[in-house]
Structure formats: structure tokens, C-alpha cells
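In: Need coordinates for the below:
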Amino acid sequence: MRLPMLAVVALSGVAVGAVPASAAPAALSAQDSAFVAAAGYGGNFEVAGGELAQARGGTADVKAFGQRMVSDHTKANTRLAALARQNGASVPDLPDSQQQNILKAWSRLNGKEFDCSYVPTEYLDHVATIGVFQDQAAHGSNADLVRFAKDTLPTLQEHRRMISMSLSELDCGP
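Out: Predicted coordinates for the structure are as follows:
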């Protein structure tokens, strides 16, 4: 089965303080800007996908994972948006076009069919996302975004562990 790779997922986060009115935000580096965009698209995708998982998932584990995605990503989206604003940037309001296509496909699935698409996609997404957040943590220029990436990694790793357990129990045969 060929599975699409999805954009970054942003989870958890850091406390955000106010920027003094006299302090103009420095422009974000290309690395930091790309991270904000990918994390924003990914966070929006995870909330929408989590809502679908709660409504269309076939198992209690998938539904619970969906609820966790909605909860964690809603919080993270708020924190990321505040960090972006402090630094003169903005976060996307929706998933990207590829993610929107995946959501449309998921909206036509129920039960086992939904689970057999959602679970492996979420697993691959979290594997990729962890790599992106590790890269930001190691190479980002903006201290707030580096801290956000570092603080978020344990949550991403927990999500990967959770979805890995669901993947190992998934039966997508006839």
C-alpha cells in the first residue's frame, strides 16, 4: 500500500511572553519561516483529522487518538501563532492542499476503512515530523522557535508511540 507523506505536525509548546512595543521583531530566517509554515499547516491538519477520527474511527483507540490530536494541536496552534506574531510572522489558517485532499478522502470513509487509511498515515506523519522538529531544534535561528521545537519533541514522540501501537494492532485484510 502506497501512503502519502504529510506535512509537519505541531504539538505542545512553550509559554509565550509579551514583546515590548518598542522592540521590533527581527525577520525570521528561511529555516524558521519554513518551520512556522509547516508546523501551522500540520497543526491544522491534525485538528481536522482528529475530528474525523473521533467521528469516523472504527475502534476506541483511533477515536481516543483523534481526541488527543484535537486537544494537543489546538493548544499548539495557539502557542505557535503567538510565537509567530511576536516575530512578525503568521501561521496558515488551514491545512495545505495535499492535506485537504487527504481530509476529503477520509471524510468518505468509516470504521475499518477509515482506520486503515488514517493510522498508517498518522504514523508516517509523526516519523517525518519528529525529524523536522529535531532539525529545527538543532539548526533554527530563532530562540523561541528552537525552544518550541525542543519542548514539543517529547509530545511528538508520545504520539508516534501511541499510533505505533494502533498500527501494530490494525487488521486491514479482507
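In: Correct me if wrong: residue 163 contacts residue 65.
Out: Yes. When contacts are counted by CB atoms under 8 Å, residue 163 is listed as touching residue 65 (6.2 Å). Where C-beta positions appear, they are placed from N, C-alpha and C, glycine not excepted.
In: Where does the prediction get shaky in the protein?
Out: Applying pLDDT under 70 to the chain flags residues 1-26.
In: let's go with 80 and repeat that
Out: The chain contains residues with pLDDT under 80 at 1-26, 174.
In: where along it do the helices fall?
Out: 30-56, 60-86, 97-106, 111-139, 143-169 (DSSP state H).
In: intersection of neighbour lists for residue 163 and residue 65?
Out: Counting by CB atoms under 8 Å, 6 or more residues apart in numbering, the residues touching both residue 163 and residue 65 are residue 122.
In: ok, back up a step: now tabulate the helices of the chain in JSON lines and tack on mean neighbour count.
Out: Below are those laid out as JSON lines (neighbours: other CB atoms under 10 Å):
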{"stretch": "helix 30-56", "mean neighbour count": "22"}
{"stretch": "helix 60-86", "mean neighbour count": "19"}
{"stretch": "helix 97-106", "mean neighbour count": "15"}
{"stretch": "helix 111-139", "mean neighbour count": "19"}
{"stretch": "helix 143-169", "mean neighbour count": "18"}
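In: Neighbours of residue 107, how many?
Out: Residues lying near residue 107 (other CB atoms under 10 Å) number 13.
In: and it, how far is that from residue 49?
Out: Counting by CB to CB, to the nearest Å, the gap from residue 107 to residue 49 is 10 Å.
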